[in-house]
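Asker: give me a 3D structure for the following:
(chains A, B and C)
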Amino acid sequence: MAGQAGGTPSTYSPSPTTRKTKSLILRNDDVDWVRTDGREFHQCRPAFFKTGAVNAAAGSAYAEFGNTKVIVSVFGPRESKKAMMYSDIGRLNCNVSYTTFATSVRGQGSDHKEFSSMLHKALEGAIILESFPKTTVDVFALVLESGGSDLPVVISCASLALADAGIMMYDLVASVSVSCLGKNLVIDPVLEEESYQDGSLMLTCMPSRYEVTQLTITGEWSTPKINEGMQICLDACAKLATIMRECLKGPDSALEE
Amino acid sequence: MEVDRVDGRTPNQLRPLACSRNVLNRAHGSASWCQGDTKVLAAVYGPKAGTKRNENPEKACIEVIWKPKTGQSGKTEREYEMILKRTLQSICILTLNPNTTTSVIIQVVNDDGALLPCAINAACAALVDAGIPLKHLAVAICCCLAESGYVILDPSKLEEQKMKAFVYLVFPNSVLSALPEGHLKVQGEPMEHGIITSVTQGAMPVDDYLHCLERGRAATAKMSAFLRKSLQPKLPTE
Amino acid sequence: MGLPDSSGGFLSELDVDAFRRLFPLQFYESHLVKSKRPDGRSLAKARETSSALGAVASADGSALVKIGSTTMLAAIKMEVMTPSKESPDEGCIAIEFYMPPICSPIVRPGRPADTAPVVSKQLSDTILSSGMINLKELSLISGKAAWMAYLDIYCLDADGALFDAALLSAVAAFSHLQIPVVSMNDEGKVVVVSEENEGGKEPVNKEKRKLTLCSIPFSLTCILYKNYILADPTAEEESIMETLVTVVLDSSGQLVSLYKPGGPVLAYTSAIQDCVALTRQRVRELQTILDEATAGMEVD
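Answerer: All right, here's what the predicted structure looks like:
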């Protein structure tokens, strides 16, 4: 019992002293700086998807983009909460939470309310809610490790998990974000780039239908920049969707083709 | 070899037991149980209509709420609640009142060692007092293992601190049966030798655990006689 | 029971999956008499177990463990604290077990599973009482600074034997743990020494990068049902046959914990001895799995 001295003593993370100087290169308005992971400005991180990660769930998917790692489980359609009123269409319930070790400093590992509602809005338009009246589909996401662009990864991963669960959708939902750093637009930013950005744009769409389900813009943007950013995102989403589709087909079907 | 106990008891000697039933007016059943200076109060409410959370169309549900003497309940209390709940579930006949909930509230009055066994004994007496259908009673005992491998029973708080390992054991009470002897034997062992619950703390050799089992079994015969005696006088009046 | 064999009637036409759902006990019994389980295992066999170290890049030590489809992700983060006055040269370990909503249909956001805090408590009791970790090794500067090791274990997929998988992931994470090299700065704060910035302060713990793990605890959960003992149950088995016994033995064969929380079946001495014997075998299996995982790391 020696390890559990009454009450937890206050602790701190022994963070390295040489942090700030290193990443300030980003702030230069020069056009020719290099991204920390050596990517080009309009190049996404390699995406990895895998469906069926959680057996206990009706459908699930794991996604890994660089250091960003998320798992999404889908449960249902199942009985709605008792207090819910009757409804002709199905309900969607979303929750996003972080592990305590997701960030470099140990966090509390709590629910992320804002991301939960954004995920809900991003998916709602793509799901055919009429196909499961009275019942609820639960979409739960856990960010295992946060490496930047967390929400777009969660959204793409969630749509894959929904497909894995056999929930009817109009199309897969793919999501990509760009950061505005000085004069440059940087696609699929990592955590460090996100912390220095002047503005961010996240676009969620159904690529086959060429329809946008969600668009959020924060920070300082000029109209031409927004247009440019949206176009970059739409192109990237289309490419992302082909990767997601390949994942759904599985290795067996890939061999047949 | 001998370990001197602070209060001069022999290793197998239990502290004086005391049990009184129906101590609370508004509960459906209640009991207080003392082992020396350790005292626990148990109250039983129910069976009440099943709440949403515990709904089960086939079985009755038991919930246990553990109230520590001071402060808020933490992980230890949650663990005790779980152990108590599982233990009580296995002695109750759950199929008689399906879709109901029976609440057992445990209030620690004083902790002077062997708290969990004391609470289990109290809860068991309170369930009898509330008239909840039971398969049999349960008796709980704490065995302590000293550094030298020496076993003492029913430790006080002071003794607990000096010990390297504990074993909390719950057995069914010994049955007085009209059937011929040996009827209730399972695999050549009488029923009351079977363990309902076992919780240990601290590392020990396996043989020492088995030794604790034997000593615990021997002591529970005395405890179940006491339990039977303190529960009996009330029966004819009801 | 006889139900599965009864000829004619609707039972014979019943589809296997429906039978499994409607009469789970009969379904299991028809397998148990043949000493087989529905997933093809023999009664005493544990599911396939794997462990991968270093799954979380942002942690100081981490491990991903799978037993069948039960999956645990454990990560250790080291922080600095001022040790207590009673034990000035000892560090501390804080263990927390989480069951996020993704792991099981039973858990919902805002309503945590009531088993999670109980497993947390059992894990910390087991790890501390096994003496696997010498808390003195977590000391940095006597009386001034010591390590607080936060071990967080997330259940990613719950399919029975949660404690076994959680304990294995905890042990694996500790064996992977690399303590960061730190020094004390002028303000009395402990900071990480980075490689390009070595000048100035002398690191405090250059030699103490790894913990020595002695007497590592391993566990096996068994189900008691009638006279059968089923090792390493799945979630389905746990919900149908409710008597569980968890035995924890350390690598030197000492009994660290024998946990049987109630259950309709009574455990007699012979059953206890059988469970302990099964655990002994399992300890050897798990030890090999852990050794292979650590050996794999050293090659890299």
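Asker: quick one, strands of the chain?
Answerer: Answering for chain A, as no chain was given. Secondary structure of chain A, counting by DSSP state E: strands at A:11-12, A:47-51, A:59-65, A:68-79, A:91-98, A:135-145, A:174-181, A:184-187, A:199-206, A:211-219.
Asker: was after chain C, sorry
Answerer: Under DSSP E, chain C gives strands at C:49-53, C:61-67, C:70-81, C:92-98, C:139-141, C:145-157, C:182-184, C:190-192, C:217-225, C:228-231, C:243-250, C:255-259.
Asker: any idea how far the third one is from the chain center?
Answerer: For strand C:70-81, the distance from its own C-alpha centre to the chain's C-alpha centre is 12 Å (Cα atoms, centre = their mean, to the nearest Å).
Asker: what about it and chain A, touching?
Answerer: Yes - applying Cβ under 8 Å from any Cβ of the partner chain, one finds strand C:70-81 touching chain A at C:71, C:73, C:75, C:77-81. The way it works is simple: take the backbone N, C-alpha and C, and place the C-beta from them, glycine included.
Asker: what pairs with that strand, parallel or antiparallel?
Answerer: strand A:11-12 (antiparallel), strand C:61-67 (antiparallel), strand C:145-157 (antiparallel) (DSSP bridges).
Asker: could you dump those to TSV with mean neighbour count and mean pLDDT?
Answerer: Formatted as TSV, these follow (neighbours: other Cβ atoms under 10 Å in any protein chain shown; pLDDT from 0 to 100):
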stretch	mean neighbour count	mean pLDDT
strand A:11-12	16	81
strand C:61-67	26	95
strand C:145-157	25	93
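Asker: between those strands, which gets nearest to C:Pro233?
Answerer: Proximity to C:Pro233 (Cβ to Cβ) singles out strand C:61-67 among the strands paired with strand C:70-81, at 10.6 Å.
Asker: compare the strands of chain C and say which comes out lowest on pLDDT.
Answerer: Among these, strand C:190-192 has the lowest mean pLDDT, at a mean of 77.
Asker: what about it and chain A, touching?
Answerer: Yes - applying Cβ under 8 Å from any Cβ, one finds that strand C:190-192 is in contact with chain A at C:190-192.
Asker: kindly reformat the strands of chain A as a markdown table containing distance to C:Glu292.
Answerer: Listed next are these as a markdown table, based on distance: least, Cβ to Cβ, whole Å:
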| stretch | distance to C:Glu292 |
| --- | --- |
| strand A:11-12 | 34 |
| strand A:47-51 | 24 |
| strand A:59-65 | 24 |
| strand A:68-79 | 24 |
| strand A:91-98 | 31 |
| strand A:135-145 | 24 |
| strand A:174-181 | 39 |
| strand A:184-187 | 40 |
| strand A:199-206 | 43 |
| strand A:211-219 | 46 |
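Asker: and these, which is most packed in?
Answerer: Highest mean neighbour count among those (mean count of other Cβ atoms under 10 Å in any protein chain shown): strand A:174-181, with a mean of 26.
Asker: show me what that strand is packed against.
Answerer: Counting contacts by 3 or more Cβ pairs under 8 Å, 6 or more residues apart in numbering or on different chains; DSSP states H and E, strand A:174-181 packs against helix A:150-164, strand A:184-187, helix A:191-195, strand A:199-206, helix A:223-256.
Asker: looking at these, which is nearest to B:Leu210?
Answerer: Nearest of the helices and strands packed on strand A:174-181 (Cβ to Cβ): helix A:150-164, 49.3 Å.
Asker: get me the contact residues on chain C for chain B.
Answerer: C:114-115, C:117-118, C:120-122, C:125, C:129-131, C:215, C:227, C:243, C:245, C:249-250, C:253-264, C:266-270, C:272-273, C:276.
Asker: buried only: go through those for me.
Answerer: Buried members of the residues of chain C next to chain B, counted by 16 or more other Cβ atoms under 10 Å in any protein chain shown: C:115, C:117-118, C:120-122, C:125, C:129-131, C:243, C:245, C:249-250, C:254-263, C:266-269, C:272, C:276.
Asker: could you report the distance from C:His31 to chain B?
Answerer: C:His31 is 23 Å from chain B, where distance means Cβ to the nearest Cβ, to the nearest Å.
Asker: so that residue touches C:Arg37, yeah?
Answerer: Yes - if you go by Cβ atoms under 8 Å, C:His31 and C:Arg37 touch, sitting 5.8 Å apart.
Asker: so which of those two has more stuff around it?
Answerer: C:Arg37 (19 against 15; other Cβ atoms under 10 Å in any protein chain shown).
Asker: who are the contact partners of that one?
Answerer: C:28, C:31, C:43, C:230, C:237 (Cβ atoms under 8 Å, 6 or more residues apart in numbering or on different chains).
Asker: of these - the most surrounded one?
Answerer: C:Leu230 (24 neighbours).
Asker: that residue bridge partners, please.
Answerer: Under the criterion used (DSSP bridges), C:Leu230 bridges to C:Ile223.
Asker: ditto for C:Ile141
Answerer: Counting by DSSP bridges, the residues bridging with C:Ile141 are C:Ala145.
Asker: could you list the low-pLDDT ranges of chain B?
Answerer: B:1-3, B:52-54, B:177-188, B:233-238 (pLDDT under 70).
Asker: near chain C, which residues of it are found?
Answerer: Residues of chain B found near chain C (Cβ under 8 Å from any Cβ) are B:75-76, B:78-79, B:82-83, B:85-90, B:165, B:167, B:170, B:172, B:186-187, B:189, B:191, B:193-206, B:208-210, B:213.
Asker: now the buried members of those residues.
Answerer: Looking at the residues of chain B next to chain C with 16+ other Cβ under 10 Å, the buried ones turn out to be B:75-76, B:78-79, B:82-83, B:85-90, B:165, B:167, B:170, B:172, B:191, B:193-204, B:206, B:208-209, B:213.
Asker: narrow those residues to those in strands?
Answerer: Per DSSP E, those map to strands at B:165, B:167, B:170, B:172, B:197-201.
Asker: reformat these as JSON lines; add distance to chain A.
Answerer: Formatted as JSON lines, those follow (distance: Cβ to the nearest Cβ, whole Å):
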{"residue": "B:Ala165", "distance to chain A": "12"}
{"residue": "B:Val167", "distance to chain A": "16"}
{"residue": "B:Val170", "distance to chain A": "23"}
{"residue": "B:Pro172", "distance to chain A": "31"}
{"residue": "B:Thr197", "distance to chain A": "21"}
{"residue": "B:Ser198", "distance to chain A": "20"}
{"residue": "B:Val199", "distance to chain A": "15"}
{"residue": "B:Thr200", "distance to chain A": "14"}
{"residue": "B:Gln201", "distance to chain A": "9"}
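Asker: farthest-separated two in these?
Answerer: B:Ala165 and B:Pro172 (24.3 Å).
Asker: stretch A:126-140 - what's its average pLDDT?
Answerer: Mean per-residue pLDDT for stretch A:126-140: 93.
Asker: what about that stretch and chain C, touching?
Answerer: Yes - using Cβ under 8 Å from any Cβ, stretch A:126-140 reaches chain C at A:138, A:140.
Asker: name the nearest residue to the closest residue to chain B within chain C, ignoring sequence neighbours.
Answerer: Nearest to chain B, among the residues of chain C, is C:Leu266, at 2.5 Å (Cβ to the nearest Cβ). Leaving aside its sequence neighbours, C:Leu266 sits nearest to B:Gly194 (Cβ to Cβ, 6 or more residues apart in numbering or on different chains; 2.5 Å).
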